[in-house]
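Peer 1: A structural model of the following input is requested.
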Amino acid sequence: MMYAPSGMTVTEPMTMITDYLLALACALFAVMIFRLHSSHPATVFWILAFTFGAIAALLGGTHHGFKTNFGTGAGKGLWDFTMISIGASTAFLAAATIASGLRHGELEYVSWLKWGIAISAAGFVIQKAGWDIHHNFNHNDLFHVIQIAGFWCFYEGARRLT
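Peer 2: Residues are numbered from 1 along each chain as shown. You can find the predicted model right below:
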């Protein structure tokens, strides 16, 4: 545990930092896809997937970083909204991937989407297995870094849609 300048206790600093980095990456991907002004029907789903990913990571980082500073009800509410946002991001990722048309296997963007799915799945397995590579860098931290790579692959696929 460490203490923030305001006197608040930071309970999981690395998990908070990696979550906030994931939030930043997702927010940037959402903005960059929005700025493409694509007319592809999947574009809105991609923007929503990245936006809810950013919200989930921001809420999750706040929960992991400051959970001992919240009352029981506030902490549970924050975690519940984190889980809802993860679910929304996942649903929009699925909708975006389907709307992007994976059946067009010869197109470049499909490879990126498949890599995004594979990397995200690998990160999920590592997280659920509880594989810690260091006592200061646990399975959640590793998952967040892997998920940044997964979201980057999804972004690369989404930006290549015509």
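
Peer 1: And for stretch 22-32, what's in contact with it?
Peer 2: For stretch 22-32, contacts defined as C-beta atoms under 8 Å, 6 or more residues apart in numbering pick out 46-47, 50-51, 53-58, 61, 89, 144, 147-148, 151-152, 154-155, 158-159. Every C-beta, even on glycine, is put in place using the N, C-alpha and C of the backbone.

Peer 1: List the buried residues in it.
Peer 2: For stretch 22-32, burial by neighbour count (16 or more other C-beta atoms under 10 Å) applies to 22-23, 25-27, 29-30.

Peer 1: how distant is it from the center of its chain?
Peer 2: Remark: stretch 22-32 is offset 9 Å from the chain centroid, using C-alpha atoms, centre = their mean, to the nearest Å.

Peer 1: ok, residue 159 touching residue 33?
Peer 2: Yes: Residue 159 is within contact range of residue 33, at 6.5 Å (criterion: C-beta atoms under 8 Å).

Peer 1: Tell me which of those two has more neighbours.
Peer 2: residue 33 (24 against 17; other C-beta atoms under 10 Å).

Peer 1: what helix or strand is the more buried one on?
Peer 2: Using DSSP states H and E, residue 33 sits in helix 13-35.

Peer 1: Pick out the residue closest to the middle of this structure.
Peer 2: residue 53 (4.2 Å; C-alpha atoms, centre = their mean).
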